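*Asks:* Here is my input, please return the structure:
(one chain, ligands or ions: 1)
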Amino acid sequence: MSVISRLVTQVNKRPYVTILLGALVLFGLYLTSRYSYLLFHSLAEIFSVVVSFGIFVLAWNSRKFIDNNYILFLGISYLFIGTLDLLHTFAYQGMGIFPGYGTNLATQLWIAARYIQSVSFLVAPLLIGRKLRPQFVFFGYVGVTSLLLISMFYWHNFPVCYVNGVGLTPFKKISEYIISFIFLTSIFLLYRRRRDFDTSVFRFLAISIAVVIGSELTFTLYTGPYATPNMIGHLLKIVSVYFMYRAIIWTGLAKPYNLVFRNLKQSEEALRASEQHYSALVRNLAHAVFEIKEGVITWCNDRVQDIYGYTKDELIGKDASFLFPANVNPSEFQKVVSRSLKGKGVFQDSMKVKRKDGSVIDIEYSITQIPDKHPLEVIAVARDITERKRIEEALQRSEANYRMLVESSPDGVISVDNKMRIIDCNEETCRLLGYPREELKGKDFRKLLAGALPDRLSAYYDQLTQKGLIETEFEFLGRDGRTIPVWAKVVGHYDMTGSLNQALVYIRDIAERQKLDQLKDEFIGLVSHELRSPLTVIIGAVNTALTEEDRLSRDEMRQLLQDAAWEAESLSYLLGNLLELSRVQADRLFLIREPVNVRKVVRDAVEKIKRQSSNHSFEIDLPKSLPPVHADELRLERILHNLLENSVKYSPDGHKVRVSARLEGDNMVIGVSDEGIGISLHDQARLFSPFERLAVQRLLGVKGVGLGLLVCRRLVEAHGGRIWVESEPGRGSTFYFTLPLKDAEGPVEANPKS
Ligand code: ADP
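*Replies:* Model (predicted):
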């Protein structure tokens, strides 16, 4: 290695070597100035002129690809700065090249060069990132420089800078300050754009400008062309030019990527960084990534093994069809991909695939075209979604279960959001309110309410937030305008912050219950009345018998007691009916079944009724030979009594009441007919229900509580038989019931609650 190249290496590595060398050069120049100032000046200026032209040559010739306008603009300006500096060198006192012009010309050229230089430094940072036409800049400088030269040499109107014997003019001095200020501002602007420069280039430029400022300020102290400030100023100028050389020429030639192609380098670096970034991303991705060219896997990441069970090596070079759309052969796969991608660039789908071990998994995959590549060069990304699918399916199942639970509920269920809008409801709600579900969804819950409830809602809301649930009764307004009384339970659902975000409203139709309650109330009233009237008769008769014993004849006394006895009997029947019913209600109705002689029971029952109503004629129409029924005798008697009593009650005096029987298979059918008022078809349907008294009877004021037929039905059913009516209004009715002839299941305990 030569000494010089070793030195250069040293210079590059160790800045103090540079500083030492620089100091030596400057000292040498200083010595030169001792010998001949003119020589010193010429050397100093020529150095700066050479560097200036060098900068221009470098910038101009790389203008096509230089990507920093600052350098290009300055580079062009340096041709003109260098030219003016060259002229300044020629015009220097003692050179004798421009006869007739004194020190003033050299000073004028100097100041013109510095103005151009400082303004160029000021403008350059503003051009970064803009469009710049080098030719225009060049001709702009030609124009400005020419004007300046013409004004000095031809028009002679360039301000005087130096007066012999007096020294520098104020114009020159003030100009130096102005120029220093412009340079200072240019450092600030450069600093703001420092990111557009390589760090060392920025530093060299900044130092160069700073030293120029120092040099300018020294020149303000200028006393004469050969004086010390002038020399120091020129030495500083050399230093400044050296840094400019380092910033532009040295960097431009030695490290063009730091200057000329800096952006290119930066984008290359960014590209490399992003490439590294992406490859790290792809490596760590939980997805399998494939590069596929014309249906063949050309690359894949390590994750493929976790998902498909195949190693990378097993997959690369293989046909991609078995990884993706199942049951598709390779050529078709290509068609599928190109068809799927048509016009979209990305295709996404999910499906089942077979792993290497034969197990089947669900994957979700996307296929993306690689931009600017053959349409069949694609990147495919696959993700195992088996677990997600399983959870989704479990969720769907559980949702279906819950929906079934809600849908099969006999109660209406409505979910309401915190703005009282209906989110969803079940079928029962729709049935109850008469709305289709779609109409209810999104509807304001308050609009469905009837009566005063909407006014009470805020109170309910408070209650709900305090207790978490409300139970109440209110009325809905059905779609057809009718009011629907409901019992409701409202349960609040709260979010993480504790505020109510949803409420579930369970509603139950209580119209039936309300009707039953009403019937029950009426029934209690009736029963009390029915109990009291026979009791009044009994008490009256017995009291009369007791108090009037002496005055009453034997027959009268007998009649009184007979009345009391009959009333007591009817009272007993009524109480008996009530007792039977309460037994049914309490599941304690026990039958004592045995073969029963129907003829005898019918006869006894008719006899008893006859005693109560001698005004009717009775006919017992039974077949000659009648087998016994398998029944509870007392209950059969009660059934007959109830039916006969009704026939008498609901048919006019003098009319006939008939009891008949016939055999039908294993049963005996017993009928009790009358020629009374009859019952309409509509009324027949509800005759055997609890507390049903038909309106007609109620209006007619016929005694009764609506229990007789219900008791008959319960007792008949307890025997395994059935009871029905055939009737025509105005022409009489026949009540039929069946009883078994044989003991089918042996003596039974019956719970025929229905
Ligand atoms: P009640 O105590 O009112 O007679 P029942 O249960 O015996 O109660 O009868 C219920 C209703 O059925 C009666 O109120 C009456 O309207 C009607 N009914 C029962 N039997 C007859 C009949 N033989 N003819 C006409 N209506 C009858």
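*Asks:* Please enumerate the helices of the stretch 301-450 of the chain.
*Replies:* Using DSSP state H, counting those that start in this stretch, the helices of the stretch 301-450 of the chain run over 304-308, 312-315, 330-341, 386-407, 427-433, 437-440.
*Asks:* Nearest to the ligand, out of those helices?
*Replies:* The ligand lies closest, by CB to the nearest ligand atom, to one member of the helices of the stretch 301-450 of the chain: helix 427-433, at 30.7 Å. (Glycine included, C-beta is placed from N, CA and C.)
*Asks:* List the buried residues for that closest one?
*Replies:* Across helix 427-433, burial judged by 16 or more other CB atoms under 10 Å covers 428-430, 432-433.
*Asks:* Stretch 397-407 too?
*Replies:* Per 16+ other CB under 10 Å, stretch 397-407 contains these buried residues: Val406.
*Asks:* Go ahead and name everything in contact with it.
*Replies:* When contacts are defined by CB atoms under 8 Å, 6 or more residues apart in numbering, stretch 397-407 is touched by residues 413, 426-428.
*Asks:* and with 7 Å instead?
*Replies:* 413, 426-427 (CB atoms under 7 Å, 6 or more residues apart in numbering).
*Asks:* Pick the one among those residues closest to Lys489.
*Replies:* Taking CB to CB as the measure, Val413 is the one of the contacts of stretch 397-407 closest to Lys489, at 10.0 Å.
*Asks:* sorry, back to before: next, give me the two most distant ones among the buried residues of helix 427-433.
*Replies:* Across the buried residues of helix 427-433 (CB to CB), the longest gap, 9.6 Å, separates Glu428 and Leu433.
*Asks:* is it fair to say Gly492 lies in a strand?
*Replies:* Yes: assessed with DSSP: H, G, I helix; E, B strand; the rest coil, Gly492 lies in a strand.
*Asks:* How about the contacts made by it?
*Replies:* 464-465, 468-469, 500, 503.
*Asks:* And for the residue in the stretch 1-150 of the chain positioned nearest to the ligand, the neighbour number?
*Replies:* In the stretch 1-150 of the chain, no residue comes nearer to the ligand than Gly129, which is 103.5 Å away by CB to the nearest ligand atom. Using other CB atoms under 10 Å, Gly129 has 11 neighbouring residues.
*Asks:* can you check Thr83 too?
*Replies:* With other CB under 10 Å as criterion, Thr83 counts 20.
*Asks:* Then Arg532?
*Replies:* Counted with other CB under 10 Å, Arg532 comes out at 11.
*Asks:* With Gln135 instead?
*Replies:* 9.
*Asks:* can you pull the pLDDT of it?
*Replies:* pLDDT recorded at Gln135 is 92.
*Asks:* Going forward, count from 15.
*Replies:* Got it, first residue is 15 now, which makes that one Gln149.
*Asks:* Helix or strand: which one has it?
*Replies:* Per DSSP states H and E, Gln149 falls inside helix 148-167.
*Asks:* List the contacts of the residue of the stretch 315-464 of the chain found nearest the ligand.
*Replies:* Residue of the stretch 315-464 of the chain nearest the ligand, by CB to the nearest ligand atom: Pro424 (29.1 Å). With contacts defined as CB under 7 Å, 6+ apart, Pro424 is in contact with Glu442.
*Asks:* Need the phi and psi values for it.
*Replies:* phi -70, psi -10 (degrees, to the nearest 10).
*Asks:* contacting residues for Gly323?
*Replies:* Contacts for Gly323 (CB under 7 Å, 6+ apart) come out as 369-371.
*Asks:* For it, which non-adjacent residue is spatially closest?
*Replies:* Lys370 (3.3 Å; CB to CB, 6 or more residues apart in numbering).
*Asks:* Compute the number of surrounding residues for that neighbour.
*Replies:* Neighbourhood size, Lys370 [other CB under 10 Å]: 12.
*Asks:* for Cys175, same thing?
*Replies:* Counted with other CB under 10 Å, Cys175 comes out at 24.
*Asks:* Show the pLDDT at it.
*Replies:* Note on Cys175: pLDDT of 91.
*Asks:* now do Leu605
*Replies:* On the pLDDT scale, Leu605 gets 93.
*Asks:* Quick one, grab the pLDDT at the nearest residue to it once chain neighbours are set aside.
*Replies:* Of all residues not flanking Leu605 in the chain, Asp646 sits nearest, at 4.2 Å (CB to CB, 6+ apart). In this model, Asp646 is scored at 96, pLDDT.
*Asks:* thought Asp646 was touching Ile606?
*Replies:* Yes: the pair Asp646 and Ile606 passes the contact test of CB atoms under 7 Å, sitting 5.1 Å apart.
*Asks:* if we can go back for a sec, the residue of the stretch 15-164 of the chain closest to the ligand should be in a helix, yeah?
*Replies:* No: per three-state DSSP, Gly143 lies outside any helix segment and is coil.
*Asks:* and the stretch 315-464 of the chain, which of its residues are near the ligand?
*Replies:* Within the stretch 315-464 of the chain, no position is adjacent to the ligand by CB under 6 Å from any ligand atom.
*Asks:* low-confidence ranges in the stretch 315-464 of the chain?
*Replies:* Applying pLDDT under 70 to the stretch 315-464 of the chain flags the ranges 336, 338-359, 385-390.
*Asks:* hmm, 90 instead?
*Replies:* Scanning the stretch 315-464 of the chain for pLDDT under 90 picks out the ranges 315-322, 326-370, 372-397, 432-434, 460-461, 463-464.
*Asks:* what do you get for the stretch 165-314 of the chain?
*Replies:* For the stretch 165-314 of the chain, the ranges with pLDDT under 90 are 176-182, 187, 209-215, 230-248, 255-256, 258-314.
*Asks:* Please enumerate the strands of it.
*Replies:* 176-177, 181-182, 302-307, 310-314 (DSSP state E, counting those that start in this stretch).
*Asks:* All good on my end, thank you.
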